[in-house]
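Asks: My questions concern the predicted model and sequence given below.
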Amino acid sequence: MSEPQGSEGTTQRLPVMEKAADTGGEYEAPPVPAGQDGKAGGRFWSARRVPAGIVALLLLVVAGAFLYDIAAVRADRDALPWRRRLARELAERPLDDTWVLVGAGVAAALGLWLIVLAVTPGLRGVLPMRRTHADVRAGLYRDAAAVVLRDRAMEVAGVRSARVRVRRSRADVRAVSHFRELDDVRADLDAALTEAVRGLGLARPPALSVRVARLGRKG
């Protein structure tokens, strides 16, 4: 019976990450392992369905009303009263009139809002993850990342409660300890949460800030 052939020719050693000495509190994001360049193509873009639907509905109503009135005029009927009044107001009302200025301000604000929606990606609550396949993109909700980090913090001995807030570039952890030395608890939290942040697989791992306080005594 022949010996099974090994796969040493196709095996690649994974890089080993050394843990830096804990200084407590702040955590710098670790380098991305080789073969995972962390490029995620930027943030995810929101579909903006609600604003797009509102604008499309308004345009449909206004365009439909004007087209109906123009067709009625072409059919030798009188123009609708609202269009005659609108034409008269536009012709006679001065540009410095209060209502004209208010209408122009509202239109400018709506236009600026639509431009901002068009050029910004949105979906601030989704953190891009590392791409291991060119045709697959993945994201992680910030609330889900906060739950993972909070659960990992609660596994550390001495932690009574923990609150985690994950932002785009920073994760703030506030823990309450009811026994053990605060420095020991903070060191264990730093180590555990550093590993948890790395395990999230984010393209841009957030900086980690940990604060530990002692449980206040009653009375």
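Replies: Right, received. Where do you want to start?

Asks: From here on, just use CA atoms for contacts and neighbour counts.
Replies: Fine.

Asks: that's a helix at Asp172, yeah?
Replies: No. Counting by DSSP: H, G, I helix; E, B strand; the rest coil, one finds Asp172 to be strand, located in no helix.

Asks: Would you agree it is in contact with Val166?
Replies: Yes. The pair Asp172 and Val166 passes the contact test of CA atoms under 8 Å, sitting 6.4 Å apart.

Asks: neighbour-wise, which of these two wins?
Replies: Val166 (22 against 19; other CA atoms under 10 Å).

Asks: What does the more buried one show for phi and psi?
Replies: phi -100, psi 120 (degrees, to the nearest 10).

Asks: same question, Ala207
Replies: phi -70, psi 140.

Asks: any idea how far the top helix by length along the chain is from the chain center?
Replies: Identified as the longest helix of the chain according to DSSP state H is helix 49-74. Remark: helix 49-74 is offset 34 Å from the chain centroid, using CA atoms, centre = their mean, to the nearest Å.

Asks: now do stretch 96-106
Replies: 36 Å.

Asks: Break down this structure into its strands, ranges please.
Replies: 26-27, 126-128, 139-141, 159-166, 170-177, 207-214 (DSSP state E).

Asks: Pick the most buried one from those.
Replies: Per residue and on average, the most neighbours among the strands of the chain fall to strand 126-128, with a mean of 23 (mean count of other CA atoms under 10 Å).

Asks: Give me the contacts around it.
Replies: 40, 42-44, 137-142, 168, 202-204 (CA atoms under 8 Å, 6 or more residues apart in numbering).

Asks: Off-centre distance for that strand?
Replies: The answer for strand 126-128 is 6 Å, by CA atoms, centre = their mean.

Asks: ok, now stretch 135-154?
Replies: Worked out by CA atoms, centre = their mean, stretch 135-154 lies 12 Å from the chain centre.

Asks: in that stretch, what's buried?
Replies: If you call a residue buried by 16 or more other CA atoms under 10 Å, then stretch 135-154 has these buried ones: Ala138, Gly139, Arg142, Ala145, Ala146, Val148, Leu149, Arg150, Asp151, Arg152, Ala153, Met154.

Asks: a markdown table for the residues you listed, including distance to Arg84?
Replies: Shown next, in a markdown table, are the buried residues of stretch 135-154 (distance: CA to CA, whole Å):
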| residue | distance to Arg84 |
| --- | --- |
| Ala138 | 55 |
| Gly139 | 54 |
| Arg142 | 54 |
| Ala145 | 59 |
| Ala146 | 59 |
| Val148 | 63 |
| Leu149 | 64 |
| Arg150 | 64 |
| Asp151 | 67 |
| Arg152 | 69 |
| Ala153 | 69 |
| Met154 | 70 |
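
Asks: Among those, which ones are in helices?
Replies: Arg142, Ala145, Ala146, Val148, Leu149, Arg150, Asp151, Arg152, Ala153, Met154.

Asks: domain ranges for the chain?
Replies: For the chain, the structural domains run 49-119, 125-214, going by automatic domain parsing.

Asks: Between its first and last residues, what's the separation in the first one?
Replies: Just to be clear, that refers to domain 49-119. Counting by CA to CA, to the nearest Å, you get 15 Å between the two ends of domain 49-119.

Asks: tell me the mean pLDDT for it?
Replies: For domain 49-119, mean pLDDT rounds to 87.

Asks: Nothing else from me, thank you.
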